[in-house]
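In: Kindly return the folded structure for what I paste below:
(2 chains)
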Protein chains: 2
Amino acid sequence: MMKKAYQELSRDQLLELPEQLAKEYEDAKGKGLSLDMSRGKPGISQLDMGMDIFDVLNSQSNMKSMENVDVRNYGVLDGLLEAKHMMADIMGVSAENVIVCGNASLTIMYDTVSRSMTHGVMGSTPWCKLDQVKFLCPAPGYDRHFAITEHFGIEMITVPMTPQGPDMDMVEKLVAEDPSIKGIWCVPKYSNPQGYSYSDETVRRFAALKPAAEDFRIFWDNAYAVHHLYEDRQDEILEILSECEKAGNPDMVYEFASTSKISFSGAGIAAIAASKGNLDFIKKSMTIQTIGFDKINQLRHVRSFKDFEGIKAHMRKHAAILRPKFEAVQEVLERELDGLGIGTWTKPNGGYFISFDAMEGCAKAIVAKCKEAGVTLTGAGATYPYGRDPRDSNIRIAPSFPTPEEMAMATDLFVLCVKLVSVEKLLGM
Amino acid sequence: MMKKAYQELSRDQLLELPEQLAKEYEDAKGKGLSLDMSRGKPGISQLDMGMDIFDVLNSQSNMKSMENVDVRNYGVLDGLLEAKHMMADIMGVSAENVIVCGNASLTIMYDTVSRSMTHGVMGSTPWCKLDQVKFLCPAPGYDRHFAITEHFGIEMITVPMTPQGPDMDMVEKLVAEDPSIKGIWCVPKYSNPQGYSYSDETVRRFAALKPAAEDFRIFWDNAYAVHHLYEDRQDEILEILSECEKAGNPDMVYEFASTSKISFSGAGIAAIAASKGNLDFIKKSMTIQTIGFDKINQLRHVRSFKDFEGIKAHMRKHAAILRPKFEAVQEVLERELDGLGIGTWTKPNGGYFISFDAMEGCAKAIVAKCKEAGVTLTGAGATYPYGRDPRDSNIRIAPSFPTPEEMAMATDLFVLCVKLVSVEKLLGM
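Out: Purely as a prediction, here's the structure:
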């Protein structure tokens, strides 16, 4: 059967669809599915594949770092040198620009905003003393970023995303005009949820920003730096710290990364990279907040992965597990929705998500219908500041946790719900 | 030779002392000592003794918690149930009152103050919006506590310590009168640095406080809950959460504990205990700050120690290592200083410190003299808010890191410096 866009069907032709779709939906509900594609959680086979890390330390191990630090005792605020090198390699920066922290880059980001609220940024007025603090939020984006800024009462301004990154005309104009804009959230590589990677031009324009606020910072969450899906199609982005330095803005960016989706989610190591000026300022608070992070886990990671080649080899194994899941989704989406005009979606080369745009006003209903039949998606709206997608269109699909077979089943249900909701919308039901 | 207090010597008798002491001091300097008794760092034999923990997890291990949580993945904000039980047992509270966090109770304390600054306490005005915020600081006390409050611009009011705990008359009066007093730092058991444990009466008076500020909280840092030095002399304190509840103040206390000096410093697990009302409020921020703490390390700890009996057995081994170090210090202090009237010191049954009080105006000079001859002590004044000991008298001795032999050598030097500085003081030199 030739596919025709729903919008091109006559009303009579459209009216033929709901009955069959509703029947299929009832059948699907009857299957008793219980699948979760709401969050970017690694799948069990990825976790199993990483278990070797627990063999690198045992009761007989040498517990000294390369700088002869006993990792079992207090000391070393900013991380073991070898762990700095490992995290620096992942981000493509120098080890001297890195502080290795605890188990989550999200916590570093939260703490960075929190510290700016109470202590300002490199000598600026603490944000909590200002009448207004705003952040730019490229959207669709990462809900946990938006949650941090919302939690601190920071006003969020949505900036549209494009396949090359955020709308830089808008970013440049806003940060130059408004000194209350203090930051922007970025996932520059394999963005959450679209899987877009910022173009070289976008990165250069970021580095060359002329913010009205001296304490404006780019929050560069390089969460998927080495998280490619393919050997032959890999996105690479320009390294932002050196670009900022070249552009005369060495202090304008904080970069974040972690091994949460390299080793284990929640039990990895995380890091921040920034200029010496920023790191010195951060350490003033950090030395009050902690005597030091978990150096044993830092050592465990370095001994397990050894070097950047080890990381890359390990990520190829992750890719081999993730690729079939992403492809299962893409296959069903293409087979069932191509040409129907009721949805578009991204085909990322890496990262953890596929972004789906339904017809305007349909996302909430699609997610609800999926949920009713046993498939949990990220809440519609979550990819926008305040959880409000103005078009009620974007849905984030996280293919990582279920098996490829489960992903195919879940996507079958998803496309069915997309059709059903879209038809009802077109019919004004 | 019969010992006579320096103060009872004639000026001529006193004048005989400096030459001999100075000679001994020069000899001591010649030994090229390099010993650190500045911080409460576990010694190497304690760390070696704890290495078994690395054998409980390997690549073949079952990574499910007792509630069937895959500890390798995201999820579980407030800690594994079995880890809550372990930390609850250490604090003597219920598991339902516990959140298990990351690697350091200091970080939980910092975050608790930081959150109060930006978000208030259970609905109160954020402290950063108030003109004045004050904390009571029993002193001598823990320098890192004072550093947190100073970092946030909180005014610190010194409360004298007694062997039964802080001066409760003063505490009761101040918190009842002044609504800007929002907290008090406590190390209730084997206090840092004196090793005092709060009496039952002190704990009950804490629980029955009638603070003018509804957002007043007791910061109960139970850092040495199971850190006894002796089998037959163990301090026990009343459990504060239930005492507060009995007194009608269920929300008035946060309790903190960690395994930093049970397993490994900086690579242990830490916890906060509080009322449901407090925990619910804390979780509102915590769920923004993190997806979850390191559950693998939580599981590792529970599998290694098994239960509270396991913790206690392990702590007996720590005691066996620490006791000779404390006794080495006590032996030298008694032999050399008893009866001289130039110093008093505590004889704790547990914890990590001995507190020494020199003659007024001598502490800084003693610490400097020790440093010059190769023995590093905690900076004089560190045990007081703002690093200012009004009497310049208190010195914290941390016997845990050096060996007993080194401790004896270090203490030999210390007593020599005490004598030298005291004589000079008495002679007005």
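In: The lowest-mean-pLDDT helix or strand in chain A vs chain B: in contact?
Out: Ranked by mean pLDDT, DSSP states H and E, the weakest helix or strand in chain A is strand A:35-37, scoring a mean of 89. No. For a cut-off given as CB under 8 Å from any CB of the partner chain, strand A:35-37 has no contacts with chain B; the smallest distance is 10.9 Å. Yep, even glycine has a C-beta here, placed from its N, CA and C like the rest.
In: what lines up beside that strand in the sheet?
Out: According to DSSP bridges, strand A:35-37 forms sheet pairs with strand A:375-377 (parallel).
In: What mean pLDDT does the helix or strand that comes right after the strand it pairs with get?
Out: On the C-terminal side of strand A:375-377, the closest following helix or strand by DSSP states H and E is strand A:394-397. For strand A:394-397, the mean per-residue pLDDT is 97.
In: Could you list every helix and strand that the helix or strand following strand A:394-397 packs against?
Out: Reading on from strand A:394-397 to the C-terminus, the next helix or strand found by DSSP H and E is helix A:404-427. Contact here means 3 or more CB pairs under 8 Å, 6 or more residues apart in numbering or on different chains; DSSP states H and E; on that basis helix A:404-427 packs against helix A:11-15, helix A:17-30, strand A:35-37, helix A:308-337, strand A:354-358, helix A:363-372, strand A:375-377.
In: For the closest residue to A:Ile99 other than its chain neighbours, give me its contacts.
Out: The shortest distance from A:Ile99 to any residue other than its chain neighbours is 4.4 Å, reached at A:Asp78 (CB to CB, 6 or more residues apart in numbering or on different chains). Going by CB atoms under 8 Å, 6 or more residues apart in numbering or on different chains, A:Asp78 touches A:Lys84, A:Val98, A:Ile99, A:Val100, A:Leu279, A:Lys283, A:Met286.
In: Give me the buried subset of the residues you listed.
Out: A:Lys84, A:Val98, A:Ile99, A:Val100, A:Leu279, A:Met286 (16 or more other CB atoms under 10 Å in any protein chain shown).
In: would you say the third one is within a strand?
Out: Yes. The secondary structure assignment for A:Ile99 places it in a strand, going by DSSP: H, G, I helix; E, B strand; the rest coil.
In: shouldn't it be in contact with A:Ile269?
Out: No. Counting by CB atoms under 8 Å, A:Ile99 sits too far from A:Ile269 to count as a contact (11.1 Å).
In: before we move on, back to that, need the helices and strands packed on helix A:404-427 in JSON lines (columns: mean neighbour count and distance to A:Met429).
Out: Formatted as JSON lines, the helices and strands packed on helix A:404-427 follow (neighbours: other CB atoms under 10 Å in any protein chain shown; distance: least, CB to CB, whole Å):
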{"stretch": "helix A:11-15", "mean neighbour count": "11", "distance to A:Met429": "10"}
{"stretch": "helix A:17-30", "mean neighbour count": "14", "distance to A:Met429": "7"}
{"stretch": "strand A:35-37", "mean neighbour count": "21", "distance to A:Met429": "27"}
{"stretch": "helix A:308-337", "mean neighbour count": "18", "distance to A:Met429": "20"}
{"stretch": "strand A:354-358", "mean neighbour count": "23", "distance to A:Met429": "16"}
{"stretch": "helix A:363-372", "mean neighbour count": "20", "distance to A:Met429": "11"}
{"stretch": "strand A:375-377", "mean neighbour count": "22", "distance to A:Met429": "22"}
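In: what's the least confident stretch among these?
Out: strand A:35-37 (a mean of 89).
In: Quick one: distance of that one to the chain centre.
Out: 18 Å (CA atoms, centre = their mean, to the nearest Å).
In: Is the very next helix or strand once past it in proximity to chain B?
Out: Where DSSP H and E defines the elements, the next helix or strand beyond strand A:35-37 is helix A:44-49. Yes. For helix A:44-49, a contact with chain B is found by CB under 8 Å from any CB, at A:Ile44, A:Leu47.
In: just checking, next helix/strand downstream of helix A:44-49?
Out: Counting by DSSP H and E, what follows helix A:44-49 is helix A:81-91.
In: what about that next one and chain B, any contact?
Out: No. If you take CB under 8 Å from any CB as the test, helix A:81-91 misses chain B, and the best it gets is 13.1 Å.
In: quick one: that helix to helix A:308-337, angle?
Out: 40 degrees (axes from the mean of the first three to the mean of the last three CA atoms, to 10 degrees).
In: who touches helix A:81-91?
Out: The contact list for helix A:81-91, computed with CB under 8 Å, 6+ apart, reads A:65-67, A:78-79, A:94-100, A:222, A:225-226, A:239, A:255, A:257, A:259, A:262, A:269, A:271, A:273, A:295, A:298-299, A:301-302, A:305, A:307-308, A:311.
In: how about the residues of the stretch 151-300 of chain A that lie near chain B?
Out: A:151-152, A:260, A:264-267, A:285, A:288-297.
In: out of these, which are inside helices?
Out: A:His151, A:Ser285, A:Ile288, A:Gln289, A:Lys295, A:Ile296, A:Asn297 (DSSP state H).
In: The last one touches A:Ala270, doesn't it?
Out: No. Checked against CB under 8 Å, the pair A:Asn297 and A:Ala270 is beyond contact range at 10.5 Å.
In: Would you mind listing the residues touching both of the two?
Out: Common neighbours of A:Asn297 and A:Ala270 (CB under 8 Å, 6+ apart) are A:Asn103.
In: ok, the two, which is more surrounded?
Out: A:Asn297 (28 against 22; other CB atoms under 10 Å in any protein chain shown).
In: For that one, which non-adjacent residue is spatially closest?
Out: Nearest to A:Asn297 is A:Ile269, by CB to CB, 6+ apart, at 5.9 Å.
In: pretty sure A:Gln234 is touching A:Ala319, no?
Out: No. Look at A:Gln234 against A:Ala319 with CB under 8 Å: they stay out of range, at 9.7 Å.
In: Find the residues that touch each one of these two.
Out: Both A:Gln234 and A:Ala319 are in contact with A:His228, where contact means CB under 8 Å, 6+ apart.
In: about what we covered before: spatially, which two of the ones in helices among the residues of the stretch 151-300 of chain A next to chain B are the most separated?
Out: Across these, no pair lies farther apart than A:His151 and A:Ile296, at 30.9 Å, counting by CB to CB.
In: the more surrounded of the two?
Out: Using other CB under 10 Å, the more surrounded residue of A:His151 and A:Ile296 is A:Ile296, with 24 against 18.
In: Near the nearest residue to A:Thr287 once chain neighbours are set aside, how many other residues are there?
Out: Nearest residue to A:Thr287 in three dimensions, chain neighbours excluded: A:Leu77, at 5.7 Å (CB to CB, 6+ apart). Residues contacting A:Leu77 under the criterion other CB under 10 Å number 15.
In: before we move on, the earlier item: residues in contact with the residue nearest to A:Asn297?
Out: A:83, A:87, A:100-103, A:258-259, A:263, A:293-294, A:297-298, A:301.
In: Ramachandran angles for it?
Out: With angles defined as degrees, to the nearest 10, A:Ile269 sits at phi -120, psi 150.
In: export the buried ones among the contacts of A:Asp78 to TSV and tack on pLDDT?
Out: Formatted as TSV, the buried ones among the contacts of A:Asp78 follow (pLDDT from 0 to 100):
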residue	pLDDT
A:Lys84	98
A:Val98	98
A:Ile99	98
A:Val100	98
A:Leu279	98
A:Met286	98
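In: which one of the residues you listed sits closest to chain B?
Out: A:Met286 (9.6 Å; CB to the nearest CB).
In: Do you know the pLDDT at the closest residue to that closest one other than its chain neighbours?
Out: Closest residue in space to A:Met286, ignoring its immediate chain neighbours: A:Leu77 at 6.2 Å, by CB to CB, 6+ apart. Looking at A:Leu77, its pLDDT is 97.
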